[in-house]
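Participant: Everything below, folded, please.
(2 chains)
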Amino acid sequence: MNNLNLVLPEIFISLSVMFLLILGVFKKESSQLTFNLSLVTILIAIILTVNETFSVNRITLFNESIVIDRMASLMKIITLVGGFLVLGISSSYLKTFKIFKIEYPILMLSSVLGMMIMISSNDLIMFYMGLELQSLALYVLATFNRDQLKSSEAGLKYFVLSALSSGLLLYGCSLIYGFSGSTNFDVIANQLTSTKYALTFGIVFILVGLAFKISAVPFHMWAPDVYEGSPTTVTLFFTMVPKIAALTVFIRFLYVPFLNLIDQWQMIIVFLSIASMIFGAIAAIGQTNIKRLIAYSSIGHVGYTLAGLATGSNDGIQSSIIYISIYVVMNLALFSCLLMLKRNDRYFEDIDDLSGLSKNHPLLSLSLLIILFSLAGIPPLAGFFAKFYVFKAVIEQSMYFLAIVGLLSTVIAAFYYLRIIKIIYFDKEKEQYDSDHGLWLKFSLTFSTILILLYFIFPSQLIEVVSRIIII
Amino acid sequence: MNFPILSSLILLPIVGALFLFFTKDKDGNNLTAKYVALFTTIVNFLISIYLWISFDQTTSSFQFVEQRIWIKDFINYKVGVDGISILFILLTTFITPLCIVSVNNTVKNRLRDFLIAILIMESFMIGVFCALDLVVFYLFFEAGLIPMFLIIGIWGGPKRVYSAFKFFLYTLLGSVLMLVAIISIYWISGTTDVIALYELGIDAKYQNLLWLAFFSSFAVKTPMWPVHTWLPDAHVEAPTAGSVLLAAILLKMAGYGFIRFSLGLFPVASEVFTPLVYTLSVIAIIFTSFIALMQEDMKKLIAYSSVAHMGFVTLGIFTLQQQGIEGSIIQMLSHGLVSAALFLCVGVVYDRMHSRLIKSYGGIVTIIPKYSILFMLFTLAALGLPGTFGFIGEFLILMGVFKDNFLVAVIASFGVILGAAYMLWLYKRVVFGKLVNQDLKQMVDLNKSEYLILTCLAVPTLFFGFYPEPLFNTIEVSVSDLINMHNLNIASK
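Facilitator: All right, here's what the predicted structure looks like:
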């Protein structure tokens, strides 16, 4: 039990969640207090994670059901930082809608906790518990603006489809357990050989369930509706944080228990990747709501992330991790801009509302310009490098078809990003928006935009951190 | 290590742009912004002149090379110049200040942003010409799309959105295949360093596909027939300064890319695909010349003439002979000056009459004589009259082609005649003839800044037309070494 300090962040968060719940019950008007305490909790959790686990190479705990390795600690830090920023940005948005309640930070904390467990899981049961914890919290978060029809609809849709995918996942898990006799990833890995065909079914079910969670085509249907209906800050959370956890689990599943069956799943991942890239690019063209558009664009980006995973090499895994990290930053920046489109306590979500933004808000438009070109993958912005690493890994494995399809779909995707830029810069201006924004918003926008813009000067740092992650 | 002169060439415009970004527009007419931009670009021009003077013309190896670790164990930031690239840098730094002077008359709104875009554009263009690493080259090559997209889209004409999109997507589509090729080269050879790749060579069995991937990018950018259709649109809609940059420098990136990468890295494939390039070039020369004859819009006519001229350039490059390649380089330089001048000439009358249609002019020679004389000079240079810069390149290219393939040379020579036809006819219809449109009488002759710009362009056009020796001295060794290396590679196959 001397390694308990490795899970200190998780323990700390769960204790805080319980404490905050009790505090919320007994103390009236405690929303602001809970909010601040939650932020402090995440901050402490970040410090604990960095301190305790960052230098750990690989240690398993609790009968090998939890694994702490370099990937886990990096992904946990990204998750926590993402959660921290989203929570910080949220407050002013929630206050506008008068839904600034104690449940919001607590739910977010428990969802983050679930993700951290997912990231560290080395066992089917542990993985499923983490998954359910984060999903349950997310269902409620999606409906958080309960007086709005769309928000309730989003939550319900998310709940039904997500429950279905969880069912598939469980079914897959039980198949795997039935044929390998264990729930532990390492043991399964030794048991699996390509002769056991029934196992392939288990793998397919699990992959389908996971594809649901990261909204890869053809399991993406929930994403646009849920993204559109949920409160914007929750959408931001959706596009950033759960993706990181789901990707980690994806990597863990593919490269620990299923590694021997790479011939079986590689085709599936390649298909998911190509379908997501193309569909994400084409379906986004016709959208008029920015949140829906972001949903489709995030489907596309998931495709690129999966392209890295499909390679079956360490370079591929690392490139996917780099991709998702850069993507998270771009998303944060994009949503910060979106949350700034506010006039008289109303938020604007249509693409046409951006019309002529550059006349009245030159700085905001410039940031949007940088962010959108980066999302389109135009050098020298960070988004280009994300794609560059992925395709470098893909071409290393001589998967030219995947690389060429991927790059061609970036050209299609460039079209709808350009369309937004066109609306911002070339069209007639509309009324001015509010220009006094909270410190959190300003900070996250400036921080992420500068990161995107100047990434090319010091690209080695991120690679150095990620290149220490060696799974295979 | 010496002073990083190339990096400072690349960075200086960006520093200028940053400075502009933080200046406040108090007086309303952006005087500060203009002077800052002008100052930056002129300093840059002087630096590049210094570069040319201190350039050692007796060697073909890369000079002023700078190398820094950029992405560890993968890519180095590496820049350097040889006899071929230095002239393009000079062209870039020479044209940009002229563009900035010209905005006085053409750009009305958001001048500061326009200048920022031009300055950023300049540094990317210089970067393209001195990059010695494939990834660095790609970075600069693609990054240029962003400012150009904005220049066309924000300050362009009525159909600007369509043109900007077309420009961006065409070029991007061409370039992504090049990215695949660059990454493949990294995995095949273990490096993307151009100098190292020149020495290593690339296995012949990969060359054809890689060549095609590079070709797809350069062919769009050149532009070659049949992917040239973005150019007329982009030219017509872009503001004058944008057209000038496009015609004078952006198109040259592709020609430069052909020489530096297609010939240098893939000698075997270049030999294989020469017939393809010949065919496309000849079609471009003849076909677009005919299209140019039919145009009613002056800018469009000049845009199509650009396609034809670039057809000569690609023809010359793939003769794979000294005269042909030298001719192509000279042709690119002369086209850079002359097409820039022609677009500026169109800009001058457009600013006064707000029409680019040929038929709305006619008989302006008596009203604005100074303009007419300068316009005539550039028209004659464009059709390649001996004694102007335009003649030398075209002549050398045709000489090179005659040695290689008689039939192609004969057909291409027709292009020269057609070129003369559409340029002279344009000039006749605009400048001579009867004065029908009475509004033209209000036109005033060139103002000071226009006069200055056109004279600045006229001087080198005439000077190098009579005395091209300095240019040849600079490129000769590099080109002959390139060809020697090429022949060596072919022989060893």
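
Participant: pLDDT weak spots in chain B?
Facilitator: B:1-2, B:25-29, B:105-106, B:493 (pLDDT under 70).

Participant: Next, count neighbours for the residue in it positioned nearest to chain A.
Facilitator: Residue nearest to chain A within chain B: B:Val176 (3.8 Å; CB to the nearest CB). From N, CA and C alone the C-beta is placed, and that goes for glycine too. When neighbours are defined as other CB atoms under 10 Å in any protein chain shown, B:Val176 has 25 of them.

Participant: That one looks like it's in a helix, true?
Facilitator: Yes - B:Val176: assigned to a helix according to DSSP: H, G, I helix; E, B strand; the rest coil.

Participant: ok now do B:Asp297, which residues does it touch?
Facilitator: B:Val236, B:Arg356, B:Leu357, B:Ile358 (CB atoms under 8 Å, 6 or more residues apart in numbering or on different chains).

Participant: Correct me if wrong: the last one contacts B:Val430.
Facilitator: It stands for B:Ile358. Yes - the pair B:Ile358 / B:Val430 is scored as a contact, 6.0 Å apart, by CB atoms under 8 Å.

Participant: Can you pick out the residue with more neighbours from these two?
Facilitator: B:Val430 (23 against 18).

Participant: in what helix or strand does that one lie?
Facilitator: helix B:406-431 (DSSP states H and E).

Participant: Packing partners of that helix?
Facilitator: Judged by 3 or more CB pairs under 8 Å, 6 or more residues apart in numbering or on different chains; DSSP states H and E, the packing partners of helix B:406-431 are helix B:267-294, helix B:298-317, helix B:369-382, helix B:389-404.

Participant: How many residues are close by residue 333?
Facilitator: All of this is about chain A. So A:Ala333, with other CB under 10 Å, has 28 neighbours.

Participant: try again with chain B
Facilitator: 25.

Participant: in the helix or strand encompassing it, what's buried?
Facilitator: Assigned by DSSP H and E, B:Leu333 falls within helix B:322-353. For helix B:322-353, burial by neighbour count (16 or more other CB atoms under 10 Å in any protein chain shown) applies to B:322-350, B:352-353.

Participant: Can you give the distance of that helix from its chain's centre?
Facilitator: 8 Å (CA atoms, centre = their mean, to the nearest Å).

Participant: cool, and stretch A:79-90?
Facilitator: The answer for stretch A:79-90 is 12 Å, by CA atoms, centre = their mean.

Participant: Could you do stretch B:301-312 as well?
Facilitator: 12 Å.

Participant: Give me the residues contacting the one helix or strand A:Leu43 maps to.
Facilitator: Taking DSSP H and E as the criterion, A:Leu43 maps to helix A:31-53. Residues from elsewhere that reach helix A:31-53 (CB under 8 Å, 6+ apart): A:5-6, A:8-9, A:12-13, A:16, A:20, A:23-24, A:27, A:68, A:72-73, A:76-77, A:80-81, A:83-84, A:87-88, A:91, A:100-102, A:104-106, A:108-109, A:112.

Participant: average pLDDT for that helix?
Facilitator: Per-residue pLDDT over helix A:31-53 has a mean of 89.

Participant: And that helix, what's buried?
Facilitator: In helix A:31-53, counting by 16+ other CB under 10 Å, buried: A:31, A:34-35, A:37-39, A:41-42, A:44-46, A:48-49, A:52-53.

Participant: What pairs with the lengthiest strand in chain B, parallel or antiparallel?
Facilitator: As assigned by DSSP state E, the longest strand anywhere in chain B is strand B:63-71. With DSSP bridges as the test, strand B:63-71 is paired with strand B:75-81 (antiparallel).

Participant: Residue numbers of chain B in contact with chain A?
Facilitator: Taking CB under 8 Å from any CB of the partner chain as the measure of proximity, chain B contacts chain A at B:69-72, B:135, B:138-139, B:142-143, B:145-146, B:149-150, B:153-154, B:160-161, B:164-165, B:168-169, B:172-173, B:176-177, B:179-180, B:183-184, B:186-187.
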